[in-house]
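Enquirer: just to be clear, the model below is a prediction. Sequence and coordinates:
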Amino acid sequence: MNLHLIRHTSLNIPSGVCYGQSDVDVSLDFDIECNVLAKKLALTQFDAVYASPLQRCTKLAHALNLGKTQVDGRLKELHFGDWEMQAWDSIPRDVFDIWANDYANLSPPNGESFSQLYERTKAFVAEVSKHSHGKNIAVVTHGGVIRAMLAEVLNMPLKGLFRIVIDHASVTQISFNDAVPRVHYVNR
């Protein structure tokens, strides 16, 4: 199975705002970014298309027209709980630092930990792989989900994953065709 992990396009939100699972809309550059992505994906025929239910992903999946889109809640971004739609700078520094030092195991108030996101992402991959051997699968999702999948393939600890930059409107490809999963490229 070849997973083509497509991160949503840029968003209509000021920089410095924590948005996670908030249903933020796409930016005014959506059509331009979508056309660039379509060119990147033009040579690949997809056997299935999955998307996060958040509008920034479903809009992109429909605009790319890669095939019938199946929406899956396990593909949502990290839930930041009470921090959603707050400026990062408005979160008390001492509280943020505690979370940031162990985000794999700690969650923001009323949110989820990165370990929880990682587990739901692993469950998605395990389920899809049961019926997708040798197939090309498009997954329109978020940076956190893509990082979680990279962590699984590379056998990386979750601590430090945010050091990996996943660009908006980028494609990352991983495969599960051999005994050892592989990363083919990131941010193409």
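Expert: Nice, I can see it. Numbering: from 1, shown residues only.
Enquirer: only C-alpha atoms for contact and neighbour calcs from this point on.
Expert: Fine.
Enquirer: tell me the residue furthest from the middle of the protein?
Expert: residue 94 (27.6 Å; Cα atoms, centre = their mean).
Enquirer: which residues touch the helix or strand containing that one?
Expert: Assignment of secondary structure by DSSP states H and E places residue 94 within helix 93-101. Residues outside helix 93-101 that contact it (Cα atoms under 8 Å, 6 or more residues apart in numbering) are 106, 107, 108.
Enquirer: which helices and strands does whichever strand or helix holds residue 33 pack with?
Expert: For residue 33, the host element (DSSP H and E) is helix 30-41. For helix 30-41, the packing partners by 3 or more Cα pairs under 8 Å, 6 or more residues apart in numbering; DSSP states H and E come out as helix 55-64.
Enquirer: how about the helix it packs on: buried residues?
Expert: Within helix 55-64, the residues that count as buried by 16 or more other Cα atoms under 10 Å are 55, 56, 57, 58, 59, 60, 61, 64.
Enquirer: and what of stretch 130-145?
Expert: 132, 135, 136, 137, 138, 139, 140, 141, 142, 143, 144, 145.
Enquirer: related to what we said a few turns ago, tell me the angle of the helix holding residue 33 relative to helix 55-64?
Expert: Helix 30-41 and helix 55-64 are oriented at 60 degrees to each other (axes from the mean of the first three to the mean of the last three Cα atoms, to 10 degrees).
Enquirer: could you point out the helix or strand that follows helix 30-41?
Expert: Next element after helix 30-41 (DSSP H and E): strand 48-51.
Enquirer: quickly run through the sheet partners of that next one, with directions.
Expert: Using DSSP bridges, strand 48-51 pairs in its sheet with strand 69-71 (parallel), strand 136-141 (parallel).
Enquirer: just the pLDDT for residue 163.
Expert: The model reports residue 163 with a pLDDT of 87.
Enquirer: give the closest residue to residue 121 in space, chain neighbours not counted.
Expert: In this structure, residue 121 finds its nearest non-sequential neighbour in residue 74, 6.0 Å apart by Cα to Cα, 6 or more residues apart in numbering.
Enquirer: tell me how far the one you found lies from residue 24.
Expert: 18 Å (Cα to Cα, to the nearest Å).
Enquirer: which of these two has more neighbours?
Expert: Neighbours around residue 74 and residue 24, counted as other Cα atoms under 10 Å, are more numerous at residue 74. The numbers are 20 against 15.
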